[in-house]
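Q: Any chance you can model this:
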Amino acid sequence: MERVLKIHNGKILTPYRIFEGTVIVEGSKIREVVEGNIEVAGATEIDAKGKYISPGFIDIHVHGGGGHDFMDGSEEAFLKIAETHAKYGTTGLMPTTLTSELDELYNTLELYKQADKNNTKGAQFLGMHLEGPYFAMTQRGAQDPRYIRNPDPKEYMDILSRSSDIKRWSAAPELKGAIEFGNHLRSKGILVAMAHTDAIYEEALEAFEAGFTLATHFYSCMSGVSRRNCFRYAGVIETAYLLDEMDVEIIADGIHLPAPLLKLIYKIKGPDRIALITDSMRAAGMPPGDSILGSKHNGLKVLVEDGVAKLPDRKSFAGSVATCDRLVRNMINMADVPLLEAVKMAAQTPANILGLGSSKGSIITGKDADIIIFDDNINISTTIVGGRVIYNKEN
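A: Residues are numbered from 1 along each chain as shown. Okay, here's the model as predicted:
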């Protein structure tokens with residue numbers, strides 16, 4: 001007989017409303033969602049103490065946390081990052097790479113397989129996200145220029161042949177060979193995203209038709225209106241606004257995007273097309289100071305201050321140190337977004353973007369029991385993944 005959990009005395013966030021009630025979990029699934037407090041024989045009870053009972057957050061773009069990076073070359077790094085983010089309400093995440101040597105990438109893909117089997121104390125892994133190396137050099141940001149290049153069919157087909165865990169790949173759509181790359185990934189059921197790009201509207205539109213349906217860290221390392229000779233051109237930012245069906249992910253740490261831009265993106269794209277992401281590096285969940293972006297043995301030295309990672313010259317951001325609770329808090333407090341819609345952008349919308357909406361992202365009967373409990377300020381007290389309590393602040 002499978003274990004039964006009864007989560008009660010809380011305000012349940014469903015996709016449609018907030019109400020006081022009880023969530024009953026059997027095994028790894030949500031068995032029932034009801035108003036009020038009902039008796040459940042033999043259940044282990046979790047008293048929400050008047051707090052919110054919410055779907056767990058899904059972070060589709062994360063590099064590290066807790067002092068570790070997914071490219072550190074160890075299974076421990078994978079597991080510790082998953083544990084760190086679970087404390088802040090993340091129940092599912094996509095380990096994300098940086099541009100690197102191929103051997104380092106292959107090793108990371110192998111480690112994912114091992115870590116996924118042994119990940120019992122942290123947020124669930126939802127597949128690998130490769131960020132690069134196919135980027136525009138002019139929009140590389142903190143990505144290492146030594147490894148940036150155009151798509152090579154022989155190379156990316158070899159990478160794909162080595163791992164079935166690659167579920168997303170970010171690239172610049174204007175590069176030579178990028179459209180063929182997008183079409184190939186789409187034929188494999190892999191999500192393709194526009195990133196670190198200088199594309200103009202016409203190039204971005206063609207890429208969207210080839211499967212580039214998501215804008216990676218919207219506004220960051222991304223073309224907007226530009227002048228080429230005496231003519232103006234729309235960029236990827238304007239393309240994402242013009243194409244209603246295009247999804248965007250945003251680093252809502254309050255620094256990468258100030259309040260007016262958060263409000264603008266929300267006003268134009270709406271909660272069904274916006275995924276909140278951390279894009280966090282190893283310093284997430286750690287105190288300020290010196291850190292490293294990427295792997296420990298050949299990563300870039302960065303400085304963490306003012307709630308963000310910066311390059312040492314302080315001329316550019318080098319990644320976020322946010323956690324998902326902070327993203328939701330900021331959308332509510334800085335962008336005036338209602339709680340239900342802020343949570344939707346952190347849970348249901350990313351699940352839908354990954355094609356997992358039928359099983360994850362909302363508190364509905366039959367879905368995976370990925371559930372969190374938080375207070376009015378989005379402070380997490382309990383995290384449940386697949387029906388198992390993996391974090392309890394009081395313990």
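
Q: Could you use CA atoms for every contact and neighbour count after this?
A: Will do.

Q: check which helix or strand covers residue 328.
A: Using DSSP states H and E, residue 328 maps to helix 324-333.

Q: which other helices and strands contact that helix?
A: Where contact means 3 or more CA pairs under 8 Å, 6 or more residues apart in numbering; DSSP states H and E, helix 324-333 is packed against strand 274-277, helix 339-346.

Q: could you dump the ones you listed to TSV with distance to residue 202, mean pLDDT and mean neighbour count?
A: Formatted as TSV, the helices and strands packed on helix 324-333 follow (distance: least, CA to CA, whole Å; pLDDT from 0 to 100; neighbours: other CA atoms under 10 Å):
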stretch	distance to residue 202	mean pLDDT	mean neighbour count
strand 274-277	23	98	29
helix 339-346	28	98	24
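
Q: Which one, of those, ends up nearest to residue 52?
A: helix 339-346 (10.4 Å; CA to CA).

Q: what does the average pLDDT come to for whatever helix or strand comes next after that closest one?
A: Per DSSP H and E, the first helix or strand lying C-terminal to helix 339-346 is helix 348-353. Confidence for helix 348-353, expressed as mean pLDDT, is 98.

Q: Can you give the distance of stretch 301-314 from its chain's centre?
A: Between the centre of stretch 301-314 and the centre of its chain there are 21 Å (CA atoms, centre = their mean, to the nearest Å).

Q: CA atoms only for it, dumped as PDB, please.
A: The C-alpha coordinates for stretch 301-314 follow below in PDB (Å, rounded to 0.1, in the frame of the first residue of the first chain):
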ATOM      1  CA  LYS A 301      36.500  34.600 -12.000                       C
ATOM      2  CA  VAL A 302      33.500  36.700 -11.000                       C
ATOM      3  CA  LEU A 303      32.500  39.000  -8.100                       C
ATOM      4  CA  VAL A 304      29.100  38.600  -6.300                       C
ATOM      5  CA  GLU A 305      27.800  41.800  -5.000                       C
ATOM      6  CA  ASP A 306      24.500  43.700  -5.000                       C
ATOM      7  CA  GLY A 307      22.600  40.400  -5.300                       C
ATOM      8  CA  VAL A 308      24.200  39.500  -8.700                       C
ATOM      9  CA  ALA A 309      27.400  38.100 -10.200                       C
ATOM     10  CA  LYS A 310      29.500  40.500 -12.200                       C
ATOM     11  CA  LEU A 311      32.700  40.300 -14.300                       C
ATOM     12  CA  PRO A 312      35.700  41.600 -12.300                       C
ATOM     13  CA  ASP A 313      35.700  44.900 -14.200                       C
ATOM     14  CA  ARG A 314      32.000  45.400 -13.200                       C
END
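
Q: can you pull the buried residues of that stretch?
A: 301, 302, 303, 304, 307, 308, 309, 310, 311 (16 or more other CA atoms under 10 Å).

Q: right, and the third one touches residue 311 too?
A: Yes: between residue 303 and residue 311 a contact is recorded at 6.3 Å, counting by CA atoms under 8 Å.

Q: separation between the nearest residue to residue 115 once chain neighbours are set aside and residue 321?
A: For residue 115, ignoring the flanking residues on the chain, the nearest one in space by CA to CA, 6 or more residues apart in numbering is residue 75 at 5.5 Å. Per CA to CA, to the nearest Å, residue 75 is found 21 Å from residue 321.

Q: Point out where the protein drops to low pLDDT.
A: Residue ranges of the chain with pLDDT under 70: 1, 395.

Q: Swap in 90 and give it another go.
A: 1-2, 98-101, 136-148, 227-230, 293-301, 310-319, 394-395 (pLDDT under 90).

Q: other SSEs contacting the longest helix along it?
A: Ranked by number of residues, the top helix in the chain under DSSP state H is helix 102-118. The contact analysis (3+ CA pairs under 8 Å, 6+ apart) places helix 102-118 against helix 75-86.

Q: what's the following helix or strand after the helix it packs on?
A: Heading C-terminal from helix 75-86 (DSSP H and E), you reach strand 90-95.
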